[in-house]
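Undergrad: Provided below for reference: sequence and predicted model.
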Amino acid sequence: MAELNTGDGGGGKGGKVRSKKQNSKVDLTAMVDLAFLLITFFMLTTSLSKPQSMDLSLPDKEDDPTKKVDTKVDENRTMTVMLGADNKMVYYMGLLATPKVGPKDITYGKNGIRKVLLTQKKAVLAYSAGLGKPKNGIIVIIKPTKKSNYRNLVDILDEMAISGVDTYAIVPEFTPEETKLIDKKPE
C-alpha cells in the first residue's frame, strides 16, 4: 500500500514545523560598565588638561586720568627689558642716560636673559642688604614694542617666574632714546 504525501512533513498532523521562539532580552550589563568607564576617563582627562596660568597683578583704574603720580624707584634696583621685532631684546640696569649695566642685546633662554636676571637679582639683593633693607629685590620694567609679538611677552613673563622676580611691570611707553635703541639694526 502506498502512502499519500500530504506535504505536512510526514507526521500526519497536517501543519508547518514551528521553530521555538528565542528570548528577546539583551543583557546590557557590559554596556553600562563601558559607559561608566568612558565617563570616568573623560572626567579624568579633562581635569588633568586644565590650562596653566600665571597670576598677573595689574593696578586699579584711576578715577582721575589727568592726575599723574610719579613713583620714584631706586635706579640701582631697576632693570629695563625692551622687546623688539624679530625676537630682539635689549636690557639695561638703571637709567638709560646713566646706565649701571648695558644697554646690551640679549637672547631668550637659560644662557641669555635668565642668567642675567639671576646675576642682577643677586647683586640687587646684596645692594639692598647693604642699605639695611634685605627684602628689597630687583624691579624689572618690561617694555614691549608694537613690533614685538605676544610670544615674546609670554616668554619674558615665564623668565620672571622661573628666576623668581617678584616685582615687575609691563610698560608700553618709550622715550625717544629707547625707541632708537630698540630699532637699531644689529651690526
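TA: Great, that's in hand.
Undergrad: Every contact and neighbour count from this point should use C-alpha atoms.
TA: Noted.
Undergrad: For the protein, just list every one of the helices.
TA: Counting by DSSP state H, one finds helices in the chain at the ranges 29-48, 113-130, 150-163, 176-183.
Undergrad: can you give me the angle the third one makes with helix 113-130?
TA: So that's helix 150-163. Going by axes from the mean of the first three to the mean of the last three C-alpha atoms, to 10 degrees, helix 150-163 is angled at 50 degrees with respect to helix 113-130.
Undergrad: hmm, who's touching helix 150-163?
TA: The contact list for helix 150-163 (C-alpha atoms under 8 Å, 6 or more residues apart in numbering) reads 83, 87, 108-109, 113-114, 117-118, 144, 166, 168.
Undergrad: Neighbour count added to those, as TSV?
TA: Shown next, in TSV, are those (neighbours: other C-alpha atoms under 10 Å):
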residue	neighbour count
Leu83	24
Asn87	14
Tyr108	16
Gly109	13
Ile113	22
Arg114	19
Leu117	21
Leu118	18
Pro144	23
Asp166	12
Tyr168	18
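Undergrad: Point out where the protein drops to low pLDDT.
TA: For the chain, the stretches with pLDDT under 70 are 1-15, 48-74, 185-187.
Undergrad: and the longest strand belonging to the chain, which strands flank it?
TA: Ranked by residue count under DSSP state E, the longest strand found in the chain is strand 99-106. Strand pairing for strand 99-106, using DSSP bridges, gives strand 89-94 (antiparallel).
Undergrad: Check the offset of the strand it pairs with from the chain's centre.
TA: How far strand 89-94 lies from its chain's middle: 25 Å, per C-alpha atoms, centre = their mean, to the nearest Å.
Undergrad: And stretch 153-161, by the same measure?
TA: Centroid separation for stretch 153-161 versus its chain: 9 Å, with C-alpha atoms, centre = their mean.
Undergrad: Going forward, count from 633.
TA: Okay, using 633 as the starting number, the last item reads as stretch 785-793.
Undergrad: which of the residues in that stretch are buried?
TA: Of the residues in stretch 785-793, 785, 788-789, 791-792 count as buried by neighbour count, 16 or more other C-alpha atoms under 10 Å.
Undergrad: would you turn these into TSV with distance to Thr710?
TA: Putting the buried residues of stretch 785-793 into TSV (distance: C-alpha to C-alpha, whole Å) gives the following:
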residue	distance to Thr710
Leu785	19
Ile788	16
Leu789	16
Glu791	16
Met792	14
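Undergrad: quick one: which of these is nearest Ala662?
TA: Relative to Ala662, the closest of the buried residues of stretch 785-793 is Leu789; by C-alpha to C-alpha it sits at 50.2 Å.
Undergrad: how many other residues sit next to Ile802?
TA: Using other C-alpha atoms under 10 Å, Ile802 has 15 other residues around it.
Undergrad: partners of the nearest residue to it once chain neighbours are set aside in the sheet?
TA: Nearest residue to Ile802, sequence neighbours excluded (C-alpha to C-alpha, 6 or more residues apart in numbering): Ile774, at 4.7 Å. Beta bridges link Ile774 to Val713, Ile802, judged by DSSP bridges.
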